[in-house]
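Chemist: Have a look at this prediction, sequence included:
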Amino acid sequence: MENTTLSHHLVLAGILFVIGLSGVLIRRNLLVVYMCLELMLTASTLALVAFSRFNNTMDGAIFVFFIITVAAAEVAVGLALIVALFRQRQTVSSEKLNTLCD
Amino acid sequence: MNSVSLLHWILFLPLGAAAFSAFFLRRHGAFAAWFSTLTAFIIAGLALTILTQTSEDIKWHYELGKIGGISLGFGYLIDAHARLMLFVVSFVAAWIHLFSVGYMKDDGARGRFFAGLSIFMFSILGIVVADNLLMTFIFWELVGFSSYMLIAHYFDTDFAAEASKKAFITNRIGDLGFILGIALCLKLYGTLDFAELKLQAGSAVPIALGLLLMCGFLGKSAQFPLHVWLTDAMAGPTPVSALIHAATMVAAGVYFMARISFLLAPEVLDWMAISGAGMAALAGFCALAQTDIKKSLAYSTLAHLGIMGCAIGLGHPELAVLHMAMHAFFKATLFLGAGSVIHGCHHEQDMLKMGGLLKKMPITAATFIAATLSNCAVPFFAGWYSKDAIIEASWHGGHFIVFGFLALAAVATCLYSGRMIRLVFMGAPNSKAATHAHESPWTMTLPISVLGIVYAIGAGFAANILIPHSSLQVVEKSLNAMAFHLTSPATIVGAVALILGYLSFRFYGLFVGQDSLQKISPRTYQLLEYRWMDTLYNWYIDKVQRRFAELIVFLDLLVINGLAVRWIAGGTFAALGHVSNAIFHRGQARANAIWITLGSLLFIWFLLR
Amino acid sequence: MENFNTVNSSLLLTAIFTPILAGLILLIGRNLPRSFATGFALIAFTLPALITVWFFVPCAESFGSVTQYLQTNIWGFCFGLNGISLPLIAMTALVGLAAGIKALNQEVESRNAYLGLILFMLGGTLGVFGTNNIIGFYFFHEFALIPTFVLTLFWGGEGRRSAAMQMAIYLTVGAMLSLAGIVIAMQTVGLGIEDATFEQLFLAFHQSQLPLPAASTAITLFGFGTLASLFPFHSWAAPGYSAAPTPVSMIHAGALKKFGLYGIIMIVAATMKIGTGTLSDWFLWCSIANVFIVGLICFGQRDLKQMLSWSSVAHMGPIFIGIWVCATQGVAEGLDAAIFLMVAHGLSCAALFLLANAVRTRTGTYRFDELGGLAQHTPVLSAFFIAATMASIGLPGFGNFWGELGVFLSLRNEPFILQVLVVSTVVISAIYALRAVASVFFGKVSSAIEARHAYAPIADLNGAERTATILLLGASLVIGFIPSLITNRTNPEAQALARIAQPKPFKAVPVKESNRN
């Protein structure tokens, strides 16, 4: 741990973020897309923790608490939505869900 | 009480009476009538008090406020002109109020009627006492409004509705010029106060100023080309015609011109003389081709207003004011007499259906004939003192065209007067209504007797007894001079006219129940009916103004609302929407995500650049 | 603040926030009992009127300073009144009270929400004239606009959808344009956007005499112009007012629309003289089109409410011209008269909308060809309508007269043809207004009205409508008889603005940094 720097953390967070983003962009299954979104959120959380640690402030850490709380609530709502969607449409593929076009 | 507080009372008493009647006496017609009449007599009494107790000019001024640098003045200036006008207005109005009590007895809306008369009193007295142009204009507008309301008294008839509108709008056209005149006056002299203007206005007054201020006079006094409203205004009740459209309001224009005569350039005066005299001759002959007794009298009023305007144009404002006073007496009597006849004949206004009323309505007939003689300027009757003096002034001033027109007007006056007397009072009754005619009650006969017998005959030779002395300051010289001019050209004209008038009286006895002129020469009659001016204006309103307005509405919808807003602005956005719909909005959440990502990358590049 | 006056300031805040809070309570408590809601709303409508009229009671001199009568800071907003906004806020409160009485008298669905939104609108409008800082002024306008759209969309009459949409687009775009212009102007003279007050902006203009970017003045001017229905940007007004519920038309046409004019006076006018090139000429010609072309459009209307809506656009013309002549020619009368006309027009226009709606509720129509002879059934309504019409066409005795006449007289040094075009409004407005009176109230009773009367007798004005009309026309009469009530307050402001525009040698001296603040 002694020789890790802020950059290491940020690069890791960036990699996580890009993985998540590419998942969001490429995958069609909403469930997977949703998990990738969570990955992106986690990446930003990681970056915040790193900033907090290396700048010796508590701002980022407090922010993280909020993010985790909100994310928990969000997951509950999001999954419920996806389940409800599947019940109605029998699919969770984002290709088929294009009614917004109208 | 000093004279200024008396003037406050004179001016604001009728306003209070009007407000009181309008708010509380709407359903108590009889009470409203007597209340308003009492007010009018109190005003007359107060006016007499002022006129007999003082003889110097009364001045009082108060500033209501300032708009920017313009002082909004409110004040009184009682000079010699104002004294005569004050007497005429308050005195004639009081008797007309009394007459109305009887005439409007069966009317359902007496509260409204008398409130209207009171507000008219307020307005006209405001013009009389005003000491500046702005205040004159304020009351000028109020007079127009009260005239509008009173013409529209019988609003349930389409004709009255049209006539009231026409009167107001025509007056407003005149007021347009008036406002421009006030603005010009303010620009030139920086003040609107009569006394200060008189000091500042030198000999070289711009023509434009006089022309613009004259516009107000053209509208209010129904002069060419804004005279069309006056004959239609007869749609109002007869006392209104007598008070407003004969004796006082239309004369207010003359009074105003006399007051500001120092602002009128010679060219303006020339125009007023010529057009006034021409108007007098034309309107006089037009009176021959009217069967409605009130319309015939309305044309007669037009003629006399023309003569008054002509007098101002000739440079004799004092004669104009004198004629205004004399005319108020005899023309009010004529209208009230006509009202009495109409009342007696159960609201029949067609002269051809009258006849033989001399025996049925002796008092009315006597006063009407006396006033008619005064109207015809029979020597030593009131009208003679002023009218012949004006004709004489035109001769002595060397205005021979004006003299010619005035002579024609004098002849026309006698012709239609003879016709009127013959058709209404002589011969046999021509309809059931005339057969069953009855004399009017005392509330109506008393006013016409006072105005007709006493004033229409005696206001000239007995002026010193009948009119407060201080009111006569400005006209005294003319009155005295007149008595010795029996050999002037005006007298010859008068004599010829009177003889022709007698012939006309005989002529109209030729056919019973028909107009002799129409029988003999229908084309002349038709020409004299004088429809073409109204036809022209109607054509303008229908074919030009309305179509132009509709075109503008259409263009507004088409160009601004349609082309500029809907097509260009709306179209651009719609096109953008279509494009973006085709490219961006595919309904794919994934596509949206891609665009968001690209956008964010662009933004990051922009930040890091 | 040397003129800080605790009592007056808290009164002003009460006047502005009482309607807003009451509106909030009514919106939340949609099931509050009817009688409670009525009483509550009535208090909230009355209080601002009482307070602002009370501000009028002391004479102008006792308020002290010229430009600032009272001022207080709260939550970063600076609330206060100056000589121009004092008459306007009093007019707004009176119009609001009349509109409130009308609204309480109406039977509508979800009454509490309706009343609450109208209270919001009133509170926002009072806030527009009651704040001194520019962002607050802007904020309150938007605050009042949103309920306007909602009310029009849900409670409006015929064609409410497209009218509300059109209104929303026009007014939002106009407001955004003016905001952009204001921001540019403030940056140019070096003022902070958050807390600058009108006085600071005015002084900054006055001291710096910087030629502002013409584009900024242009978008501010025409943005505000759109909000006040300046000629080519007027298309929203007539359909909007026709479709909106009557209390909304009253408050918007009477009071909220004056936001645009007030903005032009307080923000644009001071810079119109300097460096705007032909812009002010364009403004002038647009204003004349308001008088003349819109006046002619009024001729072509066949519907009473349409006609009134158009005429309220046409009457903006003289106000614009009054502002123009003060801001560019330095004639103080112009601004004095324009403000007078703004106040008087608010009162008469609200009264006309109120009475036109009374005609509609009794006859079921606004169309001229179906109306006629109504005076026989409803004498009081007719008398009031004629009085309001006479007020709007400038009969002496009513406030409009001084406003119109003042504008005409302030043009005395301008070219004659310009004067004729502007003064022609006295004829044009008389023609269409009297035509409307004649075809609605005079003449024979129309068959439509006859049929309706046979079905159920047509009643005259009820107590609420009478009270509201008397309130509006009474106020107009008071300022008509005592014009100094308004001119004493506006005169110093008008003189100050006129001094800027008065011709003087203009020196393009670069401004030092120290002068800017």
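Modeler: Perfect, I can see it now. Numbers count the residues shown, from 1 in each chain, chains lettered A, B, ... in the order given.

Chemist: contacting residues for B:Leu358?
Modeler: If you count contacts by CB atoms under 8 Å, 6 or more residues apart in numbering or on different chains, B:Leu358 has them with B:Ala365, B:Phe425, B:Met426. Bear in mind the C-beta positions are built from the backbone N, C-alpha and C, glycine included.

Chemist: typo on my end, it should be C:Trp310
Modeler: Shown in contact with C:Trp310 (CB under 8 Å, 6+ apart): C:Ala237, C:Ala238, C:Val294, C:Ile297, C:Cys298, C:Gln301.

Chemist: On the three-state scheme, the fourth one is what?
Modeler: At C:Ile297, secondary structure determined by DSSP: H, G, I helix; E, B strand; the rest coil is helix.

Chemist: before we move on, back to that, neighbour-wise, which of the contacts of B:Leu358 leads?
Modeler: Neighbour counts for those (other CB atoms under 10 Å in any protein chain shown) peak at B:Phe425, which has 24 neighbours.

Chemist: gap between it and B:Lys331?
Modeler: As for B:Phe425, its distance to B:Lys331 is 18 Å (criterion: CB to CB, to the nearest Å).

Chemist: check contacts around the residue nearest the centre of chain A.
Modeler: What sits nearest the mean C-alpha location of chain A, by CA atoms, centre = their mean, is A:Glu38, with 2.4 Å. For A:Glu38, the contacting residues are A:Gly20, A:Ala71, A:Val75, by CB under 8 Å, 6+ apart.

Chemist: Over to B:Ile401?
Modeler: B:Ile401 makes contact with B:Ile274, B:Ala277 under the criterion CB under 8 Å, 6+ apart.

Chemist: which SSE is it in?
Modeler: Using DSSP states H and E, B:Ile401 sits in helix B:400-425.

Chemist: longest single helix anywhere in chain A?
Modeler: Looking across chain A with DSSP state H, the single longest helix is helix A:59-89.

Chemist: can you give me phi and psi for B:Lys66?
Modeler: Backbone torsions of B:Lys66, given as degrees, to the nearest 10, read phi -130, psi 130.

Chemist: how about the residue nearest to it when sequence neighbours are not counted, secondary structure?
Modeler: Take B:Lys66 and drop its neighbours on the chain: the residue closest to it by CB to CB, 6 or more residues apart in numbering or on different chains is C:Thr487, 5.8 Å away. Assigned with three-state DSSP, C:Thr487 falls in the helix class.

Chemist: and stretch C:147-162, how far from the chain's centre?
Modeler: When distances are taken as CA atoms, centre = their mean, to the nearest Å, stretch C:147-162 is centred 20 Å away from the chain's centroid.

Chemist: Where does the prediction get shaky in chain A?
Modeler: Chain A contains residues with pLDDT under 70 at A:1-2, A:99-102.

Chemist: cool, chain C as well?
Modeler: In chain C, residues with pLDDT under 70: C:1-7, C:57-76, C:193-195, C:206-212, C:273-277, C:501-517.

Chemist: List the contacts of the closest residue to C:Thr246 other than its chain neighbours.
Modeler: Distances taken as CB to CB, 6+ apart put C:Asn357 closest to C:Thr246, at 4.0 Å, once the chain neighbours are dropped. Contacts for C:Asn357 (CB under 8 Å, 6+ apart) come out as C:Lys102, C:Thr246, C:Lys305.

Chemist: What is the nearest of these to B:Gly458?
Modeler: Ranked by distance to B:Gly458 (CB to CB), these are led by C:Lys305 at 58.8 Å.

Chemist: got a list of what that closest one touches?
Modeler: Contacts of C:Lys305 by CB under 8 Å, 6+ apart are C:Tyr241, C:Ser242, C:Phe353, C:Ala356, C:Asn357, C:Arg360, C:Tyr366.

Chemist: top of the residues you listed by neighbour count?
Modeler: Highest neighbour count within those: C:Phe353, with 30 neighbours (other CB under 10 Å).

Chemist: Run through the residues that contact the most centrally placed residue in chain B.
Modeler: Central residue of chain B (CA atoms, centre = their mean): B:Val250, 3.2 Å from the mean position. With contact set as CB under 8 Å, 6+ apart, B:Val250 has these partners: B:Lys220, B:Ser221, B:Ala222, B:Leu230, B:Ile244, B:Thr301, B:Leu305.

Chemist: Just give the nearest non-adjacent residue to it, would you?
Modeler: B:Ser221 (5.1 Å).

Chemist: Local confidence estimate at the one you found?
Modeler: Confidence at B:Ser221, expressed as pLDDT, is 86.

Chemist: Close to chain C: what parts of the stretch 401-550 of chain B are there?
Modeler: Within reach of chain C by CB under 8 Å from any CB of the partner chain, the stretch 401-550 of chain B has these residues: B:Gln545, B:Arg546, B:Phe548, B:Ala549, B:Glu550.

Chemist: In terms of helices and strands, where is the residue nearest to C:Thr246?
Modeler: helix C:332-363.

Chemist: one step back: any chance of the contacts of B:Leu358 in TSV, plus pLDDT?
Modeler: Listed next are the contacts of B:Leu358 as TSV, based on pLDDT from 0 to 100:
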residue	pLDDT
B:Ala365	85
B:Phe425	81
B:Met426	80
